[in-house]
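give me the fold of what follows.
(one chain, ligands or ions: 1)
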Amino acid sequence: MDNENTLKNKIINNKYYRSFKVRLSVVMLLIGVISIVVLGLGVVYIYRARAIKVRTQDFYNQMTILSYQLLTEEYFANPYSEGVEAKVELYSDLYDGRVMIIDNNFVVIKDSYNSYTGKYFIAPEVLNASKGNPTSKFKDGYIIITVPVVAGSDDPSNIQGMIYAGLSIKQIDTTTGILDRSMLVIGAFLMIGVIIASATVPTALFRPFNRLIESVNALKEGFSNKRVEADYYEETKDISDAFNDVVDRMKAVDDSRQEFVSNVSHELKTPLASVKVLAESLNTGENVPIEMYQEFMGDIIEEVDRETNIINDLLSLVKLDKSSPDINVELTDINIMIEKIFKRLSPLASQKGVDMIFESERDVKAWIDEIKITRALEDIIENAIKYNHEGGFVKVSLDADHQYFTVTIEDSGIGIAEEDLKHIFERFYRADKSHSATIEGTGLGLAISRSAIYMHNGSVKVESEEGRGTTFVVTIPIRFIEDNTLEISEEETLEEMPEVIEEETKEETIEEAQKIEEE
Ligand code: ADP
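Below you'll find the predicted structure:
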């Protein structure tokens, strides 16, 4: 058994067995050989069958003519006629066969071989003919025909005798033999053609694929600006297009990673540079007053805090960026969650003189990772407070339908310029440098928020008008949908996600979620 397995594996792993070119060659060779053999044998067989049929018909016609002659010459009454004798000889010579004329009593009157003359000859065919039925059959290389000699009507009583004739098909076989040999020669030439074709055509057909492989190999070194070019076949074009797409995407990822690393280095260096300047000025200054010491030390602590914030944010981002981030989904009361965020941010809001309003359309419970979504919403709400005016407001509204809950964060703050709007979710992006200088931040908050929302298959939209305020709309599914839902069968997906239902049933869905929690 083991041996069998290893042999099977050996065959399967054999490079020739696995080669597309070799397989194509073998298939071409097999098709070629089978076609030539079938064609050759078929032609010879059809020719022979047809020749025998024509010859039989021809011979039968001649025997019928002979039977008429026997009648007109009243041969059975007077069994000697020069005409009949000559004809019988002629037929047996011409057709390389034997002709016997037999009377009603089954006595052979005339035999072209002479050996049966005067003897009884009873064979099944002769008996059949004696009843008025002509016969023809092919046996042992001979066509055998019997014809009744009937005067007037077909009444068996009018039968005067029978003709029994055998015809050799030697001639036909000789012709078939010649045909056989010709087919063999033609077949041999065709076979050579097929062998040459099956050895060369697959290699030629495969050439564009070789070019594709070479092209891909040339790119192996790195994401150069070169592209895979293999447009010869539609198939190679599809592969090269798909490959170029992948390369483009990887290049984009590589570029953004490089940009990210350089941004990170820059951002991490800035607080350190400040710390160094502050420390150096304290170190090199003579008789530095204690107040200055305290002030500079306070600044150093602030810079260290900033550095810590950046590092913490980076760690959060890295965690969210993992291909399968740790996600801890639980049924969460969104109203309570937002109230907790409000509690934490209210000191900042009162310090800034900003009013905080929370409006909830209904109680909402959803399956989410509470820590991640809290972080995402807290960042957006904190921004709404940070980038606001004294006496301004931040209004957070919560609503839900049967599938999603929506948190809208509206502020009356400084707004975001249109050209900045499309960049605010990028890492380290901070709009309007004049504000960024006075308002603390790492530029990572919204990037983290968006990652967490996307991880829940949610969306975040932003609208803003400079000087008037900004509105963020965060939409998240109530039932957590994992990315691999695409692999789930249709029925399961339908079961997982309720069908679209009317407005009135919203409440029911929320109640349902609560029931699930109780269970
Ligand atoms: P930061 O740490 O700078 O707040 P974020 O990623 O949270 O970083 O935000 C990116 C930038 O988007 C901010 O620097 C700010 O310029 C702008 N921004 C975000 N939210 C608001 C808002 N509510 N109003 C005005 N500008 C905002």
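
any buried residues in stretch 106-116, and which?
106, 108-112, 116 (16 or more other Cβ atoms under 10 Å). Heads up, the C-betas are built off the backbone N, CA and C, glycines and all.

which other residues reach it?
75-76, 79, 84-85, 88-89, 91-92, 97-103, 117-122, 126, 130, 161 (Cβ atoms under 8 Å, 6 or more residues apart in numbering).

one more: stretch 322-329?
319, 367-372, 455, 480.

domain assignment for the chain?
74-170, 234-320, 328-518 (automatic domain parsing).

and those domains: which comes nearest the ligand?
In terms of Cβ to the nearest ligand atom, the element of the domains of the chain nearest to the ligand is domain 328-518, at 2.5 Å.

list the helices and strands the host helix or strand of Ala86 packs on?
Using DSSP states H and E, Ala86 falls within helix 82-94. Applying 3 or more Cβ pairs under 8 Å, 6 or more residues apart in numbering; DSSP states H and E, we find helix 82-94 packed against helix 20-72, strand 97-103, strand 108-111.

out of these, nearest to Gly166?
With distances scored as Cβ to Cβ, the stretch of the helices and strands packed on helix 82-94 nearest to Gly166 is strand 97-103 (4.8 Å).

neighbouring strands - and their directions - for that closest one?
Strand pairing for strand 97-103, determined by DSSP bridges: strand 108-111 (antiparallel), strand 159-168 (antiparallel).

next, format the ones you listed as JSON lines and append mean pLDDT and distance to the ligand.
Formatted as JSON lines, these follow (pLDDT from 0 to 100; distance: least, Cβ to the nearest ligand atom, whole Å):
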{"stretch": "strand 108-111", "mean pLDDT": "94", "distance to the ligand": "119"}
{"stretch": "strand 159-168", "mean pLDDT": "92", "distance to the ligand": "105"}
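
deepest of those strands, which one?
strand 159-168 (a mean of 23; mean count of other Cβ atoms under 10 Å).

put the alpha carbons of it into CSV.
Provided in CSV are the C-alpha atoms of strand 159-168 (Å, rounded to 0.1, in the frame of the first residue of the first chain):
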residue,chain,number,x,y,z
ILE,A,159,-40.4,-23.8,-61.0
GLN,A,160,-38.3,-25.8,-63.5
GLY,A,161,-35.0,-25.7,-61.6
MET,A,162,-32.5,-23.6,-59.7
ILE,A,163,-29.2,-21.9,-60.4
TYR,A,164,-26.6,-22.2,-57.6
ALA,A,165,-23.6,-19.9,-58.0
GLY,A,166,-20.6,-19.1,-55.9
LEU,A,167,-18.3,-16.1,-56.5
SER,A,168,-14.9,-15.6,-55.0
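
distance from the chain centre to the helix or strand where Ser464 lies, please.
Applying DSSP H and E as the criterion places Ser464 in strand 459-465. Distance of strand 459-465 from the chain centroid (Cα atoms, centre = their mean, to the nearest Å) equals 39 Å.

hmm, the following helix or strand past that strand touching the ligand?
In the C-terminal direction, the helix or strand that comes right after strand 459-465 (DSSP H and E) is strand 469-477. Yes - judged by Cβ under 6 Å from any ligand atom, strand 469-477 and the ligand are in contact via Thr470.

taking strand 459-465 as reference, get the angle to strand 469-477.
170 degrees (axes from the mean of the first three to the mean of the last three Cα atoms, to 10 degrees).

average pLDDT for strand 469-477?
Averaged across strand 469-477, pLDDT comes to 97.

now it: buried residues?
So, applying 16+ other Cβ under 10 Å, buried residues of strand 469-477: 469-472, 474-477.

circling back to that earlier point, mind putting the buried residues of stretch 106-116 in a markdown table, distance to Gly413 included?
Converted to a markdown table, the buried residues of stretch 106-116 look like this (distance: Cβ to Cβ, whole Å):
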| residue | distance to Gly413 |
| --- | --- |
| Phe106 | 129 |
| Val108 | 130 |
| Ile109 | 133 |
| Lys110 | 131 |
| Asp111 | 129 |
| Ser112 | 126 |
| Tyr116 | 129 |
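
where in the stretch 201-350 of the chain is pLDDT low?
Counting by pLDDT under 70, the stretch 201-350 of the chain contains low-confidence ranges at 221-225, 323-324.

helices along the stretch 401-519 of the chain, start to end?
In the stretch 401-519 of the chain, the segments counted as helices under DSSP state H, counting those that start in this stretch are 418-421, 433-438, 445-455, 490-496, 506-518.
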